[in-house]
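*Asks:* The following comprises the amino acid sequence and a computationally predicted model.
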4 protein chains.
Amino acid sequence: MPRTKEQFEKIREETKSKILNTSLELFAKKGYSNTSISEIAQSANISKGLAYNYFKSKEMLMEEVVKILFVEIGKMFVEIDVLKSPYDKLHRIIDLTIDWILENADFWRLYASLLMQEDTKVIVEKVAGNFMAELFEDIEKIFRKIKIKNPAAEARIFGSIMDGISFHILFMGDKYPVEKTRRFLKQKYSRENLI
Amino acid sequence: MPRTKEQFEKIREETKSKILNTSLELFAKKGYSNTSISEIAQSANISKGLAYNYFKSKEMLMEEVVKILFVEIGKMFVEIDVLKSPYDKLHRIIDLTIDWILENADFWRLYASLLMQEDTKVIVEKVAGNFMAELFEDIEKIFRKIKIKNPAAEARIFGSIMDGISFHILFMGDKYPVEKTRRFLKQKYSRENLI
Amino acid sequence: MPRTKEQFEKIREETKSKILNTSLELFAKKGYSNTSISEIAQSANISKGLAYNYFKSKEMLMEEVVKILFVEIGKMFVEIDVLKSPYDKLHRIIDLTIDWILENADFWRLYASLLMQEDTKVIVEKVAGNFMAELFEDIEKIFRKIKIKNPAAEARIFGSIMDGISFHILFMGDKYPVEKTRRFLKQKYSRENLI
Amino acid sequence: MPRTKEQFEKIREETKSKILNTSLELFAKKGYSNTSISEIAQSANISKGLAYNYFKSKEMLMEEVVKILFVEIGKMFVEIDVLKSPYDKLHRIIDLTIDWILENADFWRLYASLLMQEDTKVIVEKVAGNFMAELFEDIEKIFRKIKIKNPAAEARIFGSIMDGISFHILFMGDKYPVEKTRRFLKQKYSRENLI
DNA sequence: TATGAATGAGAGTTCATTCAT
DNA sequence: CATGAATGAACTCTCATTCAT
């Protein structure tokens, strides 16, 4: 009995997803250039040829990996919307950023290194689209709600701090005083100190 | 008659410098892995083989490029020492960071991308040594002089902001409101606002 | 439909064997160092890359070639066991050595030249293991059966003669009086002369 | 004051000799292919260019090295002529062969490995000329003096033994019972046993 | 859909040789 | 006589990609 269209579709979806997840993991851990299709295929328990059945080229595969990356990052910010207080929101962003970087150092590393190279940067931008801009606007809104003087600039600095400490945690590893910084930041961005 | 020692030395220095500069440029623009010795040789108008007369391996070449990078970064901070007022010092760091990143985007890009990959990170750390730690201590001293409550944490945040905005300028390019951010930061880190 | 496991295995075996035979031939004729993978690939009518699909490195390829070599040498001595008389055995060894060297000059040449260089010697020893020692013991047993006075030393000299004349045949070629030597040796190692 | 013709000649001779000795040593230790001109020049404390001033190519250098090798081997047999008794002569050859191989394993290794490869074999034969044939004739004469039945064949076997045990000592190293073999051979080739 | 044998371009590297000085 | 910078061909090896099955 031939498989139904739906069954085929399901297999395709699962295989594709398996390849993508494996690629994400390997790209993140070893970098794009240092990860070969052979390696990905082997890790995903498929043949090299099959990978090309799903993705036209290594570059295309990477492009889709980046998409997933952004979906993953995007999820992070969903739960912020439900919070009411802008101070809570800021605290939550601080927590999420720090926790996420601690748990997903490799992903952030991949994301950042892709942005660093001219050729891969294009791909990221193509995928990212307005993602970053929207993120920034969300943060700006929070600061506007607080009625701080220069919400746009304040948001920019806040974003810089988030990325800056991510960067530092990433390459200082265990030596970075994560918790001290977390507390310090929460205090800095508390109702009392922002007026 | 053979050339004198001085003549040979001059030739060596010039060629070596030519290779190093070309490498710095290419590594920065395209990344370490994506830049081949062939490419460097072609850009530097020398033969592939000659590169190996000067550098034992691609890795060694990179190591020396990174050394240059750090000398360059180091130069940046020399003129801060001469300033007396801690506020002036902070303002100067803000200016230097922003100006330097605008002028040397590629260098920063190289530096950051090297740190992102586990294999090249080792090389950078080997060359960098305590450079980053010392830099941080210098900034901490400034904050201590201001008698701010938590100078270490404050220095960490300040450093994060510097790296964060560098990061943002780097990949937003012209869209980033550099001057607005510069003014905002100077105000934030002025005598009035730091008490 | 993908090929069956058996089909793949057959292809692999055939190609591998083709590469091995070509390598044996070329290594023997030109030496290990002077034979390039390119040359082997060209001779075997495959691409350079494919060779690396079958052998992890040139050294590994050589190792497998040496294995074949020993299998070949081993075969030579199988038929000696079936003989009863120790004199017959010695005569058979003389015949086999001379005939084998005449037919497989290249193999012996490879084997000897590999032993000559420190770096390749290690590989041969890894593959050879106790082969040579066992061979010597077999010969010693023969002499012990004859009840000769010093069977170990006698075996050593007998082995030296075999290798020595192999060496001479090898590089004197047609000028070497093979048959005279054969007859002379058989007489020397006959019942009458060994008492 | 310009150097005299004789002085120049002396310098040339010394430099040439220095290069040749260094080459002999390195070729013997590491093999011809694995020894680079750079290495030789460095070891001989001269420049690469100078080596080419004295020897047209690496191959030519090797050719002259082989010549030296033969001179060295030739010296070995000079002192045999002075001995009167043919038995003493045989014993002396046994001693010389074993002692020489123990002291100059590398040289013998070079000599043998050169003979093993078709391309270098030609060079050796060009240089060696009748050397080997003469050596054989000398040995034959000894056996003829003893009035043994088949002096030519006997000489051939004796030579084979010498080369065979050299070969075995070479690649068995310390494990080879050199002294036992020496004694055994001397006894075998003594007046009593040769009648 | 799925396989992995096969290709070929190009990577890093070495080295005999040349040549301006 | 002497130097070593410079070349270019050849080397070992890797890998994205194709394709017959």
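*Replies:* Good, I have the coordinates.
*Asks:* quick one: buried residues of stretch A:28-45?
*Replies:* A:A28, A:K29, A:K30, A:G31, A:Y32, A:S33, A:T35, A:I37, A:I40, A:A41, A:S43, A:A44 (16 or more other CB atoms under 10 Å in any protein chain shown). Glycine gets a C-beta too; all of them are placed from N, C-alpha and C.
*Asks:* With stretch A:62-71 instead?
*Replies:* A:M62, A:E63, A:E64, A:V65, A:V66, A:I68, A:L69, A:F70.
*Asks:* neighbours of whichever residue of chain A sits closest to DNA strand E, just the number please.
*Replies:* Going by CB to the nearest atom of the strand, DNA strand E is nearest to A:G49 of chain A, at 1.8 Å. With neighbours defined by other CB atoms under 10 Å in any protein chain shown, the count for A:G49 comes to 10.
*Asks:* Would you mark the buried spots in the helix or strand bottoming out on mean pLDDT in chain A?
*Replies:* Using mean pLDDT, DSSP states H and E, helix A:118-128 stands out as the lowest-scoring helix or strand of chain A, at a mean of 82. By 16+ other CB under 10 Å, the buried positions in helix A:118-128 come out as A:T120, A:K121, A:I123, A:V124, A:V127, A:A128.
*Asks:* Determine whether any part of the top helix by length along chain A lies close to DNA strand E.
*Replies:* Taking DSSP state H as the criterion, chain A has its longest helix at helix A:5-30. Yes - Helix A:5-30 comes into contact with DNA strand E (CB under 7 Å from any atom of the strand), by way of A:F8, A:I11, A:R12, A:T15.
*Asks:* top of the residues you listed by neighbour count?
*Replies:* Ranked by neighbour count (other CB under 10 Å), the residues of helix A:5-30 next to DNA strand E have A:T15 at the top, with 17 neighbours.
*Asks:* so who does that residue touch?
*Replies:* Contacts for A:T15 were tallied using CB atoms under 8 Å, 6 or more residues apart in numbering or on different chains; they are A:I46, A:L50, A:Y54.
*Asks:* mind running it again at 7 Å?
*Replies:* Going by CB atoms under 7 Å, 6 or more residues apart in numbering or on different chains, A:T15 touches A:I46, A:Y54.
*Asks:* just the residues of helix A:5-30 next to DNA strand E: which has the poorest pLDDT?
*Replies:* Least confident entry in the residues of helix A:5-30 next to DNA strand E, by pLDDT: A:F8, with 81.
*Asks:* and the two most separated of the buried residues of stretch A:62-71?
*Replies:* A:M62 and A:F70 (12.9 Å; CB to CB).
*Asks:* Return the closest of the residues of helix A:5-30 next to DNA strand E with respect to chain B.
*Replies:* Closest approach between those and chain B, by CB to the nearest CB: A:T15, at 28.5 Å.
*Asks:* Please list the residues of chain A that sit near DNA strand E.
*Replies:* Going by CB under 7 Å from any atom of the strand, the residues of chain A near DNA strand E are A:F8, A:I11, A:R12, A:T15, A:I46, A:S47, A:K48, A:G49, A:L50, A:Y52, A:N53.
*Asks:* re the thing from before, and the residues of helix A:5-30 next to DNA strand E as a markdown table, adding distance to C:E134?
*Replies:* Shown next, in a markdown table, are those (distance: CB to CB, whole Å):
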| residue | distance to C:E134 |
| --- | --- |
| A:F8 | 60 |
| A:I11 | 56 |
| A:R12 | 59 |
| A:T15 | 53 |
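*Asks:* any idea which of those residues is closest to chain D?
*Replies:* Nearest to chain D among these, counting by CB to the nearest CB, is A:T15 at 49.4 Å.
*Asks:* how far out from the middle of the chain is the one helix or strand A:R183 maps to?
*Replies:* Element membership of A:R183 [criterion: DSSP states H and E] is helix A:178-188. Remark: helix A:178-188 is offset 22 Å from the chain centroid, using CA atoms, centre = their mean, to the nearest Å.
*Asks:* what's stretch A:65-79 in contact with?
*Replies:* Where contact means CB under 7 Å, 6+ apart, the residues beyond stretch A:65-79 that reach it are A:20, A:23-24, A:27, A:96, A:100, A:107, A:110-111, A:114, A:123-124, A:127-128, A:131, A:135.
*Asks:* What ranges does chain A have for its helices?
*Replies:* Remark: helices assigned in chain A by DSSP H are A:5-30, A:37-43, A:48-54, A:58-81, A:86-103, A:105-116, A:118-128, A:131-145, A:151-172, A:178-188, A:191-194.
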